[in-house]
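Visitor: sequence first, then the predicted structure, then my questions.
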Amino acid sequence: MAAARAVGGDSGQSAETPEDQAATVPSGPVDMAAEKAAILNRLRRAQGQLGGVIRMIEQDQDCRSVVTQLAAASRALDKAGFAIIAANLTQCLANPGNAEGIDQASLEKLFLSLA
């Protein structure tokens, strides 16, 4: 199914679900369960896209389609990584005295590792 999306002329823009938006746009109190669910959805989507890439290569599909699908998987992983960092930052801001929080330098290092 994921492979068909890329082959079918996907413009490179993936439609975000409300769960995806919840992972990137905090509004009100932090709902960590919703954040976690949205991040897991992104990772499952990337997993499906990677499975599609593998099938496409096994079926000797054209290079353009394979690379398009691989790029979609890469974007999904990037978005999941940014969502994880954003959720952590949101949690740190909501609970500044939390001993398990991450310091600013470490958070910056994590963010730059994805850039």
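Guide: Everything's here; your move. Only a predicted model underlies this, so the values are computations on that prediction, with no experimental measurement involved.
Visitor: surely F111 touches I84?
Guide: No. Here F111 does not reach I84: they are 10.3 Å apart, not a contact under CB atoms under 8 Å. C-beta coordinates here come from the backbone N, C-alpha and C atoms, glycine included.
Visitor: so between the two, which is more surrounded?
Guide: Taking other CB atoms under 10 Å, F111 and I84 do not tie; I84 has more neighbours (18 against 14).
Visitor: what are the buried residues along the strand or helix carrying the more buried one?
Guide: Under the criterion of DSSP states H and E, I84 resides in helix 63-94. For helix 63-94, a neighbour-count test (16 or more other CB atoms under 10 Å) marks 65-66, 68-70, 72-73, 75-77, 79-92 as buried.
Visitor: tell me what whatever helix or strand comes next after it is packed against?
Guide: Downstream of helix 63-94, the next assigned helix or strand under DSSP H and E is helix 104-114. In terms of contacts (3 or more CB pairs under 8 Å, 6 or more residues apart in numbering; DSSP states H and E), helix 104-114 is packed against helix 63-94.
Visitor: mean confidence for the helix it packs on?
Guide: In this model, helix 63-94 has an average pLDDT of 86.
Visitor: what's it packed up against?
Guide: By 3+ CB pairs under 8 Å, 6+ apart, helix 63-94 packs against helix 2-7, helix 18-24, helix 32-58, helix 104-114.
Visitor: buried sites along the third one?
Guide: Within helix 32-58, the residues that qualify as buried are 35, 38-39, 41-43, 45-46, 48-50, 52-53, 56, counting by 16+ other CB under 10 Å.
Visitor: adding distance to Q104 and pLDDT, write those out as JSON lines.
Guide: Below are the buried residues of helix 32-58 laid out as JSON lines (distance: CB to CB, whole Å; pLDDT from 0 to 100):
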{"residue": "E35", "distance to Q104": "20", "pLDDT": "86"}
{"residue": "A38", "distance to Q104": "24", "pLDDT": "90"}
{"residue": "I39", "distance to Q104": "22", "pLDDT": "91"}
{"residue": "N41", "distance to Q104": "28", "pLDDT": "92"}
{"residue": "R42", "distance to Q104": "25", "pLDDT": "91"}
{"residue": "L43", "distance to Q104": "26", "pLDDT": "93"}
{"residue": "R45", "distance to Q104": "30", "pLDDT": "91"}
{"residue": "A46", "distance to Q104": "28", "pLDDT": "93"}
{"residue": "G48", "distance to Q104": "35", "pLDDT": "93"}
{"residue": "Q49", "distance to Q104": "33", "pLDDT": "93"}
{"residue": "L50", "distance to Q104": "33", "pLDDT": "95"}
{"residue": "G52", "distance to Q104": "38", "pLDDT": "94"}
{"residue": "V53", "distance to Q104": "36", "pLDDT": "96"}
{"residue": "M56", "distance to Q104": "42", "pLDDT": "96"}
